[in-house]
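Trainee: Following is a predicted model, sequence given first.
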Amino acid sequence: MVMVNEMKKKTLSLCPVCLKRIPAIITEEDGKIIIKKTCPEHGEFKDVYWGNAELYKKFDRYEFINKVVVTNTEIKNGCPFDCGLCPNHKSTTILANIDVTNRCNLNCPICFANANKSGKVYEPSFEDIKRMMINLRNEIPPTPAIQFAGGEPTVRHDLPELIKTARELGFLHIQLATNGIKLKNINYLKKLKESGLSTIYLQFDGISEKPYLVARGRNLLPLKQKVIENCRKVGFDSVVLVPTLVRGVNDNEVGGIIKYAAKNVDIVRGVNFQPVSFTGRVDEKTRLEGRITIPDFIKLVEEQTDGEICVDDFYPVPSVAPISVLVEKLTNDKKPVLSSHQHCGTSTYVFVDEDGKLIPLPRFIDVEGFLELVKEKIDEITDSKIHNAKVLGEIALKLPSLIDLSKAPKSINIKTIIELIIGVLKSDYNALAKLHYHMLMISCMHFMDPYNFDVRRVSRCCIHYATPDNRIIPFCSYNTIYRPQVEEKFSIPLEEWKKMHKMGNDEDDREDY
């Protein structure tokens with residue numbers, strides 16, 4: 001018997017077949033949150049939106065809707081068909097993605113969009129990409145972080161120059177999404193570091209060979225370990241592991257991946273798990289059984305770390321939005337705000353103690369108390385620099401009462417914590433970086449597909465794609481709707497591309513197809 005709760009939210013979604021916009025209802029059934037919709041032409045669709053109704057309601061408490069952002073497209077067809085960004089969008093760009101190529105030096109069984117399989121090469125020119133970056137920096141506030149993605153970005157020989165240009169244009173954080181193959185070359189890794197790269201976003205599917213054999217067609221675990229080793233040798237200490245989470249493939253390795261990150265905490269800054277999205281026509285039974293939502297991920301973490309990290313340690317992304325608002329008021333300078341939808345992502349920070357034990361930050365810092373203090377001080381801010389300095393002093397005096405040192409890592413003291421937090425509130429990017437370097441971030445972003453698509457989440461997205469036609473498009477709408485259009489418009493046939501570009505003789509070039 002299906003237990004149905006009275007909770008119902010109306011939204012708009014997409015038909016997974018024709019991608020037309022259709023009404024949808026989000027409701028509760030058997031302790032889960034379900035999305036239901038009907039296309040007049042293709043029938044009914046049902047999927048799991050969130051795997052735990054109570055956690056869904058808890059995260060609702062952290063909803064933060066930002067002000068309307070500066071936009072560069074008009075409203076004509078309605079969300080999500082006016083990207084972007086259109087006047088309906090409510091979040092500025094926190095992280096921008098630029099796909100610099102669709103070529104790749106792998107031929108993964110799960111991939112259908114690389115140049116070899118599509119027969120077309122999407123590869124914007126250096127000047128095109130520079131123009132896209134300038135467009136992002138012209139946003140108000142300017143986009144602070146950029147990620148070069150693909151395809152495999154390292155197959156571009158001008159990648160170091162692109163990184164250097166991003167740094168010159170003022171991006172505070174520059175990261176590279178990569179499978180790591182070219183980073184086995186330690187000299188190439190050094191070159192990327194010297195160019196100004198901030199973080200390596202390393203595809204990392206597990207700690208055994210099975211996930212790689214299934215998803216990538218060969219065992220790449222030794223390669224991933226080599227990349228970590230090379231980073232240690234050259235002093236590159238900002239790697240984020242990025243597992244694509246697939247039920248029955250690597251969902252049993254969540255705890256192991258976290259423990260691997262903890263053992264390499266001198267190099268690894270975090271793990272960002274990304275549950276697999278469903279593309280194409282997938283039957284309901286397969287989706288309902290295979291769908292991994294954020295609550296499912298959190299439960300896996302708790303089970304596989306033996307409770308060292310538990311459900312209550314995780315918070316939704318916009319929980320930190322009030323901190324950005326306070327910083328903006330204190331500095332009188334427009335700041336990016338993490339105002340994504342409360343059900344898009346979650347994270348926690350953990351310290352790795354001397355004995356290897358994981359100690360989540362919420363275990364020794366009263367996070368709720370700190371957020372209440374932040375909200376209280378937002379209302380007290382004036383235009384007076386003297387008064388605002390007094391506000392910071394009051395926060396510093398209050399912080400010790402929110403910290404329980406008896407539960408904190410042995411290497412941490414109150415003075416260090418207070419200095420780092422006050423530095424962040426002063427908009428000191430170095431203080432923010434130091435704060436991250438003291439901890440390991442464990443996070444999960446659940447990107448949408450046509451089956452669980454919700455326009456309310458799209459309108460609050462803060463991870464965007466920049467495109468050659470000067471648009472800035474929310475992540476999930478780009479990958480669900482716009483990617484084929486953009487790549488078709490700006491691609492050339494693979495054989496034509498080969499004739500235009502002389503093939504190199506080194507091993508990496510031979511792997512590019």
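Mentor: Thanks, I have the structure now.

Trainee: ok, now which ones touch the residue nearest the centre of the chain?
Mentor: Residue closest to the average C-alpha location in the chain (CA atoms, centre = their mean): Met445, at 5.7 Å. If a contact means CB atoms under 8 Å, 6 or more residues apart in numbering, then Met445 has Asn272, Phe273, Gln274, Cys344, Gly345, Ile463 as its contacts. C-beta here means a position set from N, CA and C on the backbone, and glycine is covered the same way.

Trainee: mind showing which ranges of the stretch 1-150 of the chain have poor pLDDT?
Mentor: 1-6, 68, 110, 112-113 (pLDDT under 70).

Trainee: Now the strand of greatest length in the chain: buried residues?
Mentor: Looking across the chain with DSSP state E, the single longest strand is strand 4-14. For strand 4-14, the neighbour count (16 or more other CB atoms under 10 Å) marks Thr11, Leu12, Ser13, Leu14 as buried.

Trainee: other SSEs contacting it?
Mentor: For strand 4-14, the elements it packs on are strand 21-29, strand 32-39, helix 455-458, judged by 3 or more CB pairs under 8 Å, 6 or more residues apart in numbering; DSSP states H and E.

Trainee: and with 6 Å instead?
Mentor: Here strand 4-14 touches strand 21-29, going by 3 or more CB pairs under 6 Å, 6 or more residues apart in numbering; DSSP states H and E.

Trainee: Give me the sheet partners of the strand it packs on and which way each runs.
Mentor: Note on strand 21-29: by DSSP bridges, its sheet partners are strand 4-14 (antiparallel), strand 32-39 (antiparallel).

Trainee: what's the angle from the helix or strand following the shortest one to strand 32-39?
Mentor: Taking DSSP states H and E as the definition, the helix or strand that follows strand 32-39 towards the C-terminus is strand 43-50. In this structure, strand 43-50 runs at an angle of 160 degrees to strand 32-39, with axes from the mean of the first three to the mean of the last three CA atoms, to 10 degrees as the basis.

Trainee: ok, residues contacting strand 43-50?
Mentor: Here strand 43-50 makes contact (CB atoms under 6 Å, 6 or more residues apart in numbering) with 26, 32-33, 35-38, 56, 287, 291, 293, 295, 451-452.

Trainee: Kindly report the same for stretch 97-110.
Mentor: By CB under 6 Å, 6+ apart, stretch 97-110 touches 114-115, 122-123, 129, 132, 147-153, 155-156, 179, 181, 215-217, 465-466, 511-512.

Trainee: can you give me the helices for the stretch 251-400 of the chain?
Mentor: 254-263, 284-290, 294-304, 321-331, 367-378, 385-398 (DSSP state H, counting those that start in this stretch).

Trainee: name the helices or strands packed onto the fifth one?
Mentor: Under the contact criterion of 3+ CB pairs under 6 Å, 6+ apart, the helices and strands touching helix 367-378 comprise helix 321-331.

Trainee: picking up where we left off before, out of the contacts of stretch 97-110, list just those in helices.
Mentor: Secondary structure from DSSP state H places Ala115, Ile129, Met132, Ala215 of these in helices.

Trainee: By neighbours, which of these wins?
Mentor: Ala115 (25 neighbours; other CB atoms under 10 Å).

Trainee: wait, doesn't it sit right on Glu495?
Mentor: No. Between Ala115 and Glu495 there is no contact under CB atoms under 6 Å: 10.7 Å.

Trainee: Residues that sit against both of those two, list them.
Mentor: What both Ala115 and Glu495 touch, as defined by CB under 6 Å, 6+ apart, is an empty set.
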